[in-house]
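In: Kindly return the folded structure for what I paste below:
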Amino acid sequence: MHKRFFLTVLLCCFFVLGLYAQNTEEQSDDFLLANNTAYKIESVEYSIKGFTKAGPLSAKVPIDKNRVFSSRKEFDVYIAELSSEFNNMRTIESYEITFDFLEPQNNITPVKLKIHVKDTWNIIALLYPSFDSNRGLQFKLKLKDFNFLGSLEPLTMDLIYNRNNAGKSSFELGAGFALPFHINQVKLLWNTNAGISIDQDKKFGFDFGTGLSASYKLGVDWLTLAAGITQDINVSASPSEKDYYLKNGFYTSLTFDIYKNQTLGTITWTPSFGINGNWKFTKITKENKKGININWAHSFGMGKVNWINNFRQGFTVSFDNNYEYNTYKKGNVDVSFGLETKGFYSFLDRVGLYGRCDFYYNLFNKTSEKSGKILRGILNNRISTDTAFSFNFDVPIKIGVFKWEEITGVEWTRFFGFELHITPFLDMALVHDTESNTYYNLKHGWYSGGFEIIMYPIKMRSIYARISYGHDLREINNKDDHAKRDGKPVSEIFIGIGLHY
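Out: Next comes the predicted model:
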């Protein structure tokens, strides 16, 4: 009896203590909630010096006005993330984010955000030679606006004289632009391009393409539906033949934002589907134009790369799996797998370490020249295989900054100032070698090395001028400039605009 009473009292004590502890925790939570101020962005004001419009800028760097930040630290982290996004936009020269705290309401402090942006110089008009060992020599008159009508999208116009490696000449005239706009919460992008070409054999070509794409968040921030349509016209004519084709296409994708992190970026999974086909008002005679092309795929991506002055820092990882089928050719479905990783790191704004690893595997022995395009110093058509591991390793070194206005004292020379980097590199590819029928064998691998000279204009952050020279390292002692392996040139040169990766 006494034992039963004692146990009953003991259980009652534990019950009361439990209620007290629970009540104490609730009071503690209420106390913390009452004493911790939350923050929420109420409005955003843009002050822009230049052509950039506020609409495209807010679309490029969206600002979350629904999120409630539980602390000042969390709010500051978000502002730092926005700062890195603006810094990574090479179409702007400088930015500043300021904010005002308004009168708190229900323990939430409204924030008025102010974003000050100054455009960089985004228009170039240049007459310059360009050379690529894979294509030949070009003389190019280029007009490019990287911020067309303040849309943060490019307008390009090119007049090109080509002389290919076979010594044949041709002229090309091309233009293209893209314009973003929105209807309510739907983001749309209209893009158009056109080109005319004629060569010394009097072969004439005309191409025109246009398309409209749209994207919309399906009620939540982590799910985005995208879709688009395309229309192309291709006309060709020569002394012996005249022909034309029209091409229509449709594509759609659904992007899932699986996880967001300041270091890892956003981890995404994107399934997609597309269909396109050629048609004309008479019978299609060319075999490669027949049938409807059906493509379905999915991809994973993650990572984030930030610009730190003219160096990059961060990493990206992407995986894709594609299935393609042509209703006329029938046979096997073309299946491919791809994985690419990139990493960038810099020291003291002086030296960097960059790397890229690319892997692909095509089923049913379908070959690709992708590895040849990745390796500098190896012509694209020297490597044709169904699977490969390819690597790039670069060490960019900052040589100096040349501010001609300060050097010469002449004001207009400020447009020609640049920062100069010299980048030694080493590239390699381990492939399926068809002659020995071996896979990823170091003995039958491809190896190249060389250097790049890259100029970053001070007043034009969106432009990079690059000169690249690479050499087949297996043929380093070869004096006749043609490889013993396949009889093709053992070096590769590129002179033009744009980074290799």
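In: what's the top strand by length along the chain packed up against?
Out: For the chain, the longest strand by residue count, based on DSSP state E, is strand 241-261. Counting contacts by 3 or more CB pairs under 8 Å, 6 or more residues apart in numbering; DSSP states H and E, strand 241-261 packs against strand 223-238, strand 265-279. To be clear about C-beta, it is placed using only N, CA and C from the backbone, and glycine gets the same treatment.
In: Okay, now the unreliable bits of the stretch 401-501 of the chain?
Out: Low-confidence segments of the stretch 401-501 of the chain (pLDDT under 70): none present.
In: What of the stretch 201-350 of the chain?
Out: For the stretch 201-350 of the chain (pLDDT under 70), the answer is none.
In: repeat that for 80
Out: Scanning the stretch 201-350 of the chain for pLDDT under 80 picks out the ranges 262, 330.
In: any idea where the helices of the stretch 1-150 of the chain begin and end?
Out: Assigned by DSSP state H, counting those that start in this stretch, the stretch 1-150 of the chain shows helices spanning 2-35, 54-60, 72-87.
In: what's the average pLDDT for the longest one?
Out: This means helix 2-35. Averaged across helix 2-35, pLDDT comes to 38.
In: quick one: buried residues of stretch 263-270?
Out: 265, 267-268, 270 (16 or more other CB atoms under 10 Å).
In: Can you tell me which of those residues is nearest residue 250?
Out: Nearest to residue 250 out of the buried residues of stretch 263-270 is residue 270 (CB to CB; 16.8 Å).
In: who does that closest one bridge with?
Out: Beta-bridge pairing for residue 270 (DSSP bridges): residue 299.
In: my read: it touches residue 257, true?
Out: No. Applying CB atoms under 8 Å, one finds residue 270 not in contact with residue 257, separated by 10.0 Å.
In: circling back to that earlier point, please point out which parts of the longest strand of the chain sit buried.
Out: For strand 241-261, by 16+ other CB under 10 Å, it's 247, 249, 251-255, 257.
In: Walk me through which strands it pairs with, and which way each runs.
Out: strand 223-238 (antiparallel), strand 265-279 (antiparallel).
In: Columns distance to residue 399 on top of these, output as TSV?
Out: Converted to TSV, the strands paired with strand 241-261 look like this (distance: least, CB to CB, whole Å):
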stretch	distance to residue 399
strand 223-238	42
strand 265-279	31
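In: out of the ones you listed, nearest to residue 341?
Out: strand 265-279 (13.2 Å).
In: now, which of the buried residues of stretch 263-270 sits nearest residue 494?
Out: Looking across the buried residues of stretch 263-270 and measuring by CB to CB, the closest to residue 494 is residue 265, at 29.7 Å.
In: Looks like that closest one contacts residue 318 (just checking).
Out: No. Using CB under 8 Å, residue 265 is not in contact with residue 318, being 11.3 Å away.
In: Any chance you could give me stretch 182-190 in CSV, C-alpha atoms only?
Out: Output of stretch 182-190 as CSV, limited to C-alpha atoms (Å, rounded to 0.1, in the frame of the first residue of the first chain):
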residue,chain,number,x,y,z
HIS,A,182,7.2,39.8,-68.9
ILE,A,183,3.5,39.4,-68.7
ASN,A,184,2.4,39.4,-65.0
GLN,A,185,4.6,36.7,-63.4
VAL,A,186,5.6,35.0,-66.7
LYS,A,187,9.1,35.8,-67.9
LEU,A,188,9.5,35.8,-71.7
LEU,A,189,12.5,36.0,-74.0
TRP,A,190,12.3,36.7,-77.8
